[in-house]
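Engineer: What follows is a predicted protein model with its sequence.
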Amino acid sequence: GAVVSQHPSRVICKSGTSVKIECRSLDFQATTMFWYRQFPKQSLMLMATSNEGSKATYEQGVEKDKFLINHASLTLSTLTVTSAHPEDSSFYICSASWDRVTNTEAFFGQGTRLTVV
Amino acid sequence: EDKVVQSPLSLVVHEGDTVTLNCSYEVTNFRSLLWYKQEKKAPTFLFMLTSSGIEKKSGRLSSILDKKELFSILNITATQTGDSAVYLCAGGPGAGTYKYIFGTGTRLKVLA
């Protein structure tokens, strides 16, 4: 299957700082990438959908100024958590898809565990 | 509001048992349902179901979709300890938007 690499896998940062998470599709061109957040023992909550070359579409309740998403190329999307606070501590996962027309499955990155202290 | 509900929330079985996991959905413009297995980190893809009544199989795992009753089941036969994981299902509108709604998952524990 297709490979999606997410980096870093774990990050600890101080409150008030910004953290950037990268999501790369290694062997295919991802026209669309998705960012999810997962709290302990809860399901994946879609935060935003990013299409290469255009602005991300954010889900209701997700602050676009706090969670900056950039999808500058067909293989890379980044999520920047700005001015992080302890309540932003969570598990963030990206997924990527290459073909919206035939509705192929999405492939997930390994996830990033963010801890804000 | 779109939602996906999975049951049971958790399940403990012994090796060799057969389990059935349930997923019901209410998703606007539904087109496909995905099943994932999540162990410690990222979910891994199991099945994508788009047609009603057609069973998909992969080894000891199989899944089927009922678009009339709006649910899907995931069966695991002859369970092994390595099957212990959280199983997620997600319903989505498919082509054009690819926005999937995830259920809360079923936590399966298989005892030796």
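Structural biologist: Received, thanks. From a predicted model like this one, the values you see are computed outputs, not experimental measurements.

Engineer: Low-confidence ranges, chain A, go.
Structural biologist: Under the criterion pLDDT under 70, the flagged ranges of chain A are A:1, A:99-105.

Engineer: quick one: the strands in it?
Structural biologist: With DSSP state E applied, chain A shows strands at A:4-7, A:10-13, A:19-25, A:32-38, A:44-51, A:57-58, A:67-73, A:76-81, A:90-97, A:107-108, A:112-116, listed in chain order.

Engineer: With distance to B:V12 and mean neighbour count as extra columns, can I get the ones you listed in TSV?
Structural biologist: The C-beta positions use only the backbone N, C-alpha and C, and glycine is treated the same way. As requested, those are arranged in TSV below (distance: least, C-beta to C-beta, whole Å; neighbours: other C-beta atoms under 10 Å in any protein chain shown):
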stretch	distance to B:V12	mean neighbour count
strand A:4-7	31	20
strand A:10-13	29	14
strand A:19-25	34	21
strand A:32-38	23	24
strand A:44-51	23	21
strand A:57-58	38	17
strand A:67-73	37	18
strand A:76-81	36	22
strand A:90-97	24	24
strand A:107-108	26	23
strand A:112-116	26	19
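
Engineer: can you redo these as JSON lines with distance to chain B?
Structural biologist: Formatted as JSON lines, the strands of chain A follow (distance: least, C-beta to the nearest C-beta, whole Å):
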{"stretch": "strand A:4-7", "distance to chain B": "8"}
{"stretch": "strand A:10-13", "distance to chain B": "10"}
{"stretch": "strand A:19-25", "distance to chain B": "11"}
{"stretch": "strand A:32-38", "distance to chain B": "6"}
{"stretch": "strand A:44-51", "distance to chain B": "4"}
{"stretch": "strand A:57-58", "distance to chain B": "9"}
{"stretch": "strand A:67-73", "distance to chain B": "14"}
{"stretch": "strand A:76-81", "distance to chain B": "14"}
{"stretch": "strand A:90-97", "distance to chain B": "6"}
{"stretch": "strand A:107-108", "distance to chain B": "4"}
{"stretch": "strand A:112-116", "distance to chain B": "9"}
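
Engineer: okay if I get those as a markdown table plus distance to B:G91?
Structural biologist: As requested, the strands of chain A are arranged in a markdown table below (distance: least, C-beta to C-beta, whole Å):
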| stretch | distance to B:G91 |
| --- | --- |
| strand A:4-7 | 21 |
| strand A:10-13 | 31 |
| strand A:19-25 | 23 |
| strand A:32-38 | 15 |
| strand A:44-51 | 12 |
| strand A:57-58 | 19 |
| strand A:67-73 | 24 |
| strand A:76-81 | 23 |
| strand A:90-97 | 15 |
| strand A:107-108 | 17 |
| strand A:112-116 | 25 |
